[in-house]
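Novice: Predicted model follows, preceded by the sequence.
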Amino acid sequence: MQKLDKLTLESILSDIKIPIRIAFLKSDGVPNIISLWYEQIGDKIYCATQKSAKVVSYLEKNPTCGFEIASDKPPYKGIRGSGSAKIIDEMGEEILKILMKKYLGDKESTLSKILKKNVKNEVAIEITPQQIFHYDYSKRMKDI
């Protein structure tokens, strides 16, 4: 596993349309994982979700989180790390619009209509990575 700098992170994350998996602790101390759309802006990773989503209250109480961005198909490669999450109410709508453009494009769909209808209830999740590692098993999985 290799520790990444910010420029390498940007090159790995650019144009990838898979979700980020965010690990967090629930109020009872039990770990959980959620998959969300994401976008890297500068040295931070942003997601959006509804204010009422349980993950929002969990991250507000304990902002320490883990994350992974990787596809499920071989050869396995991606990034994983840990960081600190911050909920930002006033950025929710802006981040959701960025995410919709990335994942849905300009095409009008049932999902885009639902998301636009509820955009005022969105909050942003800002993840500040503290450790990031890249893994790539392409060489050892070349014959798969």
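Specialist: That came in fine, so what should we check first?

Novice: At which residues are the strands of this structure located?
Specialist: For the chain, the strands defined by DSSP state E cover 2-3, 20-25, 31-36, 39-41, 44-50, 64-70, 77-88, 122-136.

Novice: Strand partners (parallel or antiparallel) of the last one?
Specialist: What it means is strand 122-136. Strand pairing for strand 122-136, using DSSP bridges, gives strand 2-3 (antiparallel), strand 44-50 (antiparallel), strand 77-88 (antiparallel).

Novice: How about the second one?
Specialist: Under the criterion DSSP bridges, strand 20-25 sits next to strand 31-36 (antiparallel), strand 64-70 (antiparallel) in its sheet.

Novice: And these: which comes nearest Ile45?
Specialist: Of all those, strand 64-70 sits nearest to Ile45, with 7.1 Å by C-beta to C-beta. Where you see a C-beta, it was placed from the backbone N, CA and C, and this is true even at glycine.

Novice: Would you mark the buried spots in the closest one?
Specialist: Within strand 64-70, the residues that count as buried by 16 or more other C-beta atoms under 10 Å are Cys65, Gly66, Phe67, Glu68, Ile69, Ala70.
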